[in-house]
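[1] everything below, folded, please.
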Amino acid sequence: MQRPLESAQVVWGVIVLIVVALVGLGIAFGTRGGHVVTRLAPALAMAWGLFWIGVARLTGEPHTLAVAVTAFVVAAVIVAAPLVPAPRRSPATVR
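    Got it, this is the predicted structure:
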């Protein structure tokens with residue numbers, strides 16, 4: 001059974017990973033005008049780090065399944081976001 005301090009650390013770990021997801025989504029949607037490489041490169045870099053955070057939480061100490069799963073999910077979301085086609089804008093709305 002986890003102690004209260006350990007539970008708080010897990011909660012904070014998940015919260016930080018959610019913030020990382022929001023930053024990754026902001027980067028993906030903020031660079032919509034660029035080439036696919038421009039949108040995908042930051043996502044792949046972030047996903048690489050998140051993947052290893054997940055691996056470390058599964059295989060090392062502290063072993064925290066919630067943080068590991070969250071890291072893997074956030075990595076997948078960040079990689080998928082740049083691949084979503086941007087909505088088309090009419091020429092009248094582009095300034």
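[2] quick one, what contacts H63?
    R57 (Cβ atoms under 8 Å, 6 or more residues apart in numbering). Where C-beta positions appear, they are placed from N, C-alpha and C, glycine not excepted.
[3] low pLDDT regions in the protein?
    1-2, 4-5, 32-34, 86-95 (pLDDT under 70).
[4] which residues in this protein form strands?
    Assigned by DSSP state E, the strands in the chain number zero.
[5] which secondary structure elements does the longest helix along it sit against?
    Counting by DSSP state H, the longest helix found in the chain is helix 4-30. Here helix 4-30 touches helix 36-59, helix 65-80, going by 3 or more Cβ pairs under 8 Å, 6 or more residues apart in numbering; DSSP states H and E.
[6] out of those, which comes closest to V23?
    Closest to V23 of the helices and strands packed on helix 4-30 is helix 36-59 (Cβ to Cβ; 8.0 Å).
[7] mind listing what's buried along that closest one?
    For helix 36-59, the neighbour count (16 or more other Cβ atoms under 10 Å) marks R39, L40, P42, A43, M46, A47, L50, F51, I53, G54, A56, R57 as buried.
[8] ok, now stretch 67-86?
    V67, A68, T70, A71, F72, V74, A75, V77, I78, V79, A81, P82.
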